[in-house]
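Chemist: give me a model of this one.
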Amino acid sequence: MANKKPARGQEDAPQNRGIGGYFHDLRVEWNKITFPDRKDLSRSTISVFLITGLLMGIIVGFNTLITIIFKAIFG
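Modeler: Numbering: from 1, shown residues only. Take a look at the predicted model:
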């Protein structure tokens with residue numbers, strides 16, 4: 001069988017390095033994390049609340065409409 005190229009990010013992934021290797025890899029991955037600044041976080045939070053409110057309004061509207069239709073049909 002032909003040599004397969006390892007998946008991206010797994011070129012140098014030795015197996016069974018023990019608990020020390022695990023924590024080393026954990027620290028390396030943790031340092032790759034980028035956290036949003038306060039402005040981006042505020043903007044994202046407001047967007048989530050607005051979209052949630054919009055979807056909640058749509059669901060309540062459909063629920064009310066269906067309730068009215070069912071009451072008209074089934075009394």
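Chemist: so who does residue 60 touch?
Modeler: Applying Cβ atoms under 8 Å, 6 or more residues apart in numbering, we find residue 60 in contact with no residue. C-beta: built from backbone N, CA, C; applies to glycine.
Chemist: could you say which helix or strand contains it?
Modeler: Element membership of residue 60, judged by DSSP states H and E, is helix 38-74.
Chemist: what about that helix, average pLDDT?
Modeler: Averaging pLDDT along helix 38-74 yields 97.
Chemist: buried set for that helix?
Modeler: By neighbour count with 16 or more other Cβ atoms under 10 Å, helix 38-74 contains no buried residues.
Chemist: quick check, central residue of the protein?
Modeler: The chain has residue 48 as the residue nearest its centroid, 12.5 Å off, counting by Cα atoms, centre = their mean.
Chemist: measure it to residue 24 for me?
Modeler: Residue 48 sits 35 Å away from residue 24, taking Cβ to Cβ, to the nearest Å as the criterion.
Chemist: go on, residue 39?
Modeler: Relative to residue 24, and taking Cβ to Cβ, residue 39 is found at 34 Å.
Chemist: with residue 33 instead?
Modeler: 16 Å.
Chemist: in terms of neighbours, single out the busier of those two.
Modeler: residue 24 (12 against 6; other Cβ atoms under 10 Å).
Chemist: quick one, phi psi at the more buried one?
Modeler: phi -60, psi -50 (degrees, to the nearest 10).
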